[in-house]
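Asker: Here is my input; please provide its structure:
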Amino acid sequence: MSRLLPLVVFALAGCGADAPPEQVHDLTAAFPLAEVRAETGRIDFGTPAARPHLLDGWHGNERGRGGETFVWGRGAVSTLAFHLVTPRDLVATLRAAPLAGAPPQRVTVLVNGRPAATLALAPGLHDASLALPRGLLRAGENRLAFHSAPATRAAGGAGGRRDRRRLAIAWHDLRLRPLATPAQAPRAEPAARALFLPWGTEVAYTFDLAGEARLAFERIDIAGGRGWLSVAAQEEGGAESEVARHDATARRRALTLPGAGRRLLRVVLRALPGDGAAEGGLRLVAPELRSAAEPGTPASARRPALSSPAPAFTAHRTPSLPGPARPPDLLVYLVDALRADRLGAHGGRRGLTPRIDAFAATALVCERAVAQAPWTRPAVATVFTGLGPLRHGVTTLADRLPAAAVTLAERLRAAGYRTAAFSTNAHLGEATGFAQGFDLFAELPRETGAEEVGRRALAWLDAQPPGAPVFVYLHALEPHAPYTPPADLRARFAPGVRPRAGTRAGVEAAYAARGAERVRRVADLVRLYDAEVAAADRAFGALLDALAARERLDGALVALLADHGEAFDERGALGHAHDLHAETLRIPLIVKLPRQREGRRLAAPAQQLDVAPTLLAAAGLGPAPELPGADLARLAAAGDDAPWRERPAFSHLSYAGRRGIAVTAGAWKLIQPLPAAAGRRPRLYDLAADPGERRDRADANPVRRAWLAALARGELLAARGGLRPERVTLDEEARRALAALGYL
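Answerer: So this is what the prediction gives:
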C-alpha cells in the first residue's frame, strides 16, 4: 500500500470498471509530517540555534568574559553541516581564535569530503575567508570538515581544576555569502489548499509506494521576486536527482516520479531564488501525489482518512475471537529489568531460565518485543492502559497516571473480574495512580522476594469465590539493582564475586569506576544480575506449579514480560533510563493462551501496547477501538505476511533531562533525540544486520531515516491529544524505596 501516514492518505477507486484504485496524498495536509529546511546564511557558534549544524568534534556552548559565544573544536577534526537549495559559488567568512599559547594553526578544510583550502590562523580572534566553489557543493546538506592540530589545555578551569580537554580552535561565527537566512519559514495554507515556500527553503516528504507515482499542482504562483520550483527525488539506496524545474507560467503541472514497485521515495520541493530574489517565494496550489494502491488493499483502507492521526495499521484491524462461555483467568507476571537475551527462549546460552523456557515451549513467544519506555513507571502505565507514554501522559518522575486513564483492571472489573496486584516496585501504587480498577493493590516492601510475591498472590486467589474469573498482576523486582541473589544461586552463577559488589554502594562504585577497575566491577555486576535472573525464573516456575496444582493453569492466559531491560556498559551506561537502545528496550513477551498446548513463535513486531488488547480479547470483550495495540493471538494466526508485519513501535524517554523517541519498523530502527535543537543527530540501525545497534546507518540510508522520522513526527503530533498527567506526591517511605533503586 502507498502510505505517508493515514492522516493524509486516502484512496479512490477509478471511474471505469477496470481502473485500479489510487492512493492520493494531500501534501498540504501532510505538511506537519514533512522535513522543512532553509538555506544556512549564518552559524553563530555557541548559541542553541547553531547546535543542529554541529555534527562531530565539538565541545559544548561557551561564553567569553565579554559575552561572546563560541564552541571549541574537539580533537583533530570538527565537522559541521549547512543547507543549500541549489549549489552556487559562495564565500565563507570564519571568525575563530586558536588556543592561546599554542603555535599558529594550519587548518585543512574539506567540503563534502573533498579538499578545498588550507587556512593559516594566527593567535587571537581573526576573520578568515574561504572560497566554496559551486563544483564542491550540492543541493541539500553540505559538510565542512576542519582538520587541525589539537593541543592540551593545561590552564584555567572551574574551581581551580585544570582543563585538560583536547582543544585547538575556538569557533565564533560563520557567514555564507551571498546567502541570507530566509525571513520566513515554509508553511501550509489549508484554506487555500496550498504550500508557501519562501525563496531558499525546501519541504521534503517520504512515501512508501506500491507502484507508479505522479506529482501534480493545480498551479504555481510567484509571490514576490523571481525564481523556480525544483522537484528532486531519491529512492532508497540511490542518489538524489532533480526530476523537474518549473517556473510559474503554466497551470496544472504534473510529472511522473521515478521508480516502480514497492519502494520508499523521498520527494523534495525547493524554492530556488533568482538573482537578487530575497523577499517572497512560491505558492504551490493543490499539491498532491497520486500512486497505485498495493494489490489486495482492503476496501476499508480505500476511504478518506480520519481527520486525526492514527497508527498505520488501524485499517487492518480484525475482529476478536468469540468470547468463551466462562471468561478465563488472566495473569500478568512482570519481571523488572529482565533482558530478553538472558532467556534460553530468546537465544540465551547461560542456562538461567529453565522454567521460563519450558513455559515458552507451549506458549506464544514474541521474538521481537519492544518496550515503550526504558524505565518502569511509563512502561507499566502502557501495560495497564494499552496506550503509549505520550498518550497516557506518564513520562517523567513527576507524573502520576491520571484518573481519566481507563486501565485494564477497570475494564475487566466492569466485566465481572476480581482484580488484584502485587508489586515490590515503589513506582507502582496508589500514590502514582496505578491502583485504579484493582480490588486489591498490595504494595510490598522492595525486599520481598519474587517467591513471596507469588505466595501472596496465591493466598488472595484461594480466597476468591469459586467460578469467579480473576485478573492478577505480579511485579517481581529481581533482577533490578541492587543485585543480591539467594546464596545458592550466587554460588552457582557468581562465584568469587566480592560480598558487597551488588549492594547499592557496590553498584554506585561501579558507576564511578573507570578503566580496568570499571571493567572488573561491571563483570561482577553481570554475574550477580544473572544469578537474580535465575532467582526470578525459579519463582515463576514455583507459581506455575502452584497454579497447576489448583487446576487453574491450563484454562488461564498467562503473560510473562519485562518493563525494560538493563545496560551493562555496552555504550558507556549502566542500568536503564539512559537511552533508547536495545539493551533497555528489547524485552521478553511470552503469552500462554487459554488451553494452549503447542508453542508458537511470532516474528512480527510485538509491543507492551499489545498486552491489554490481547487480554481483553481472551476475556471475550472484543477490540477497544481507542487502543492502538494488537491482539497477539490474532497477530500470530494472521502469519508473517499480514499487514501487521510493518507496524511501527514507538518508545519514548523523558528522564533526568534525557529526552528522545525511537521508532522500530520492520528491520529498521531510528533513535531521534528530543528536542532536535539540542543538536544531537538521529541514529539509524539495520536490526537484521546489526541487532546490537552498533553501526549508525543514518548517513548511508537517508531515505529510510527520513521515512522513520516522518513516522516519529506523526506520533508526536498525535500525542498532542493525549491525557495530561497528574502530579505525583510521594511519602517519605516511597522516596526512600525509589532512592534505594537508584531513581532519586
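Asker: Tell me the confidence at R521?
Answerer: pLDDT for R521: 94.
Asker: partner residues bridging the closest residue to R600 other than its chain neighbours?
Answerer: For R600, ignoring the flanking residues on the chain, the nearest one in space by Cβ to Cβ, 6 or more residues apart in numbering is L364 at 5.0 Å. For the C-beta atoms, the positions are set from N, CA and C on the backbone; glycine is no exception. Beta-bridge pairing for L364 (DSSP bridges): V591, R600.
Asker: can you pull out the strands in the stretch 101-250 of the chain?
Answerer: 105-111, 114-121, 126-132, 140-147, 151-152, 166-177, 187-189, 194-198, 201-209, 213-223, 227-235, 241-246 (DSSP state E, counting those that start in this stretch).
Asker: so which of the ones you listed gets nearest R720?
Answerer: For the strands of the stretch 101-250 of the chain, the distance to R720 is smallest for strand 187-189, at 16.3 Å, taking Cβ to Cβ.
Asker: Sheet partners, orientation included, of the closest one?
Answerer: Strand 187-189 sits in its sheet next to strand 194-198 (antiparallel), going by DSSP bridges.
Asker: residue closest to the middle of this structure?
Answerer: Nearest to the mean C-alpha position of the chain, by Cα atoms, centre = their mean, lies A662 at 0.7 Å.
Asker: Would you mind measuring from that one to L716?
Answerer: Distance of A662 to L716, computed by Cβ to Cβ, to the nearest Å: 12 Å.
Asker: again, but for V526
Answerer: For V526, the distance to L716 equals 36 Å [Cβ to Cβ].
Asker: ditto for A510
Answerer: Going from A510 to L716 by Cβ to Cβ gives 35 Å.
Asker: which one of the two has more residues nearby?
Answerer: Taking neighbours as other Cβ atoms under 10 Å, A510 and L716 compare with A510 leading, 24 against 18.
Asker: any idea which element the more buried one lies in?
Answerer: helix 504-512 (DSSP states H and E).
Asker: Let me see the mean pLDDT of that helix.
Answerer: pLDDT averaged over helix 504-512 gives 90.
Asker: Over to stretch 234-241?
Answerer: Mean predicted confidence for stretch 234-241 is 94.
Asker: Would you tell me which helix is longest in the protein?
Answerer: For the chain, the helix with the greatest residue count under DSSP state H is helix 515-549.
Asker: That helix packs against which elements?
Answerer: When contacts are defined as 3 or more Cβ pairs under 8 Å, 6 or more residues apart in numbering; DSSP states H and E, helix 515-549 packs onto strand 330-335, helix 354-360, helix 450-462, strand 470-476, helix 487-493, helix 504-512, strand 557-561, strand 567-568.
Asker: quick one: which of these is nearest V109?
Answerer: Taking the helices and strands packed on helix 515-549 one by one with Cβ to Cβ, strand 567-568 is closest: 38.3 Å.
Asker: Give the next helix or strand downstream of the closest one.
Answerer: Sequence order places strand 574-575 as the next helix or strand after strand 567-568, per DSSP H and E.
Asker: Check what contacts that next one and list those residues.
Answerer: For strand 574-575, the external contacting residues (Cβ atoms under 8 Å, 6 or more residues apart in numbering) are A481, V507, A510, Y511, V522, L525, E566, A567, F568, G742.
Asker: what's the spacing between it and its chain's center?
Answerer: Distance of strand 574-575 from its chain centroid, counting by Cα atoms, centre = their mean, to the nearest Å, is 19 Å.
Asker: Can I get whichever helix or strand comes after it as CSV, trimmed to CA atoms?
Answerer: From strand 574-575 onward toward the C-terminus, using DSSP H and E, the following helix or strand is helix 582-585. Only the C-alpha atoms of helix 582-585 are listed here, as CSV (Å, rounded to 0.1, in the frame of the first residue of the first chain):
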residue,chain,number,x,y,z
ALA,A,582,18.4,-2.5,22.5
GLU,A,583,19.8,-3.2,26.0
THR,A,584,16.9,-1.5,27.7
LEU,A,585,14.1,-1.7,25.1
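Asker: Tell me the spacing between the closest residue to L547 other than its chain neighbours and K592.
Answerer: Spatial nearest neighbour of L547, chain neighbours left out: L553 (4.0 Å); criterion: Cβ to Cβ, 6+ apart. Remark: distance between L553 and K592 (Cβ to Cβ) = 8 Å.
Asker: higher neighbour count, the two?
Answerer: The neighbour comparison of L553 against K592 (other Cβ under 10 Å) goes to K592, with 22 against 18.
Asker: Tabulate the helices and strands packed on helix 515-549 (a markdown table), appending distance to A239.
Answerer: Below are these laid out as a markdown table (distance: least, Cβ to Cβ, whole Å):
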| stretch | distance to A239 |
| --- | --- |
| strand 330-335 | 47 |
| helix 354-360 | 46 |
| helix 450-462 | 55 |
| strand 470-476 | 51 |
| helix 487-493 | 52 |
| helix 504-512 | 45 |
| strand 557-561 | 43 |
| strand 567-568 | 37 |
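Asker: out of those, which comes closest to L90?
Answerer: Per Cβ to Cβ, nearest to L90 of the helices and strands packed on helix 515-549: strand 567-568, 44.0 Å.
Asker: Neighbouring strands of the closest one in the sheet, and parallel or not?
Answerer: Here, using DSSP bridges, strand 567-568 pairs with strand 574-575 (antiparallel).
Asker: Top of the contacts of strand 574-575 by number of neighbours, please.
Answerer: Using other Cβ under 10 Å as the neighbour criterion, A481 leads the contacts of strand 574-575 with 27 neighbours.
Asker: right, and that one touches V507 too?
Answerer: Yes: taking contacts as Cβ atoms under 8 Å, A481 lies within contact range of V507: 5.1 Å.
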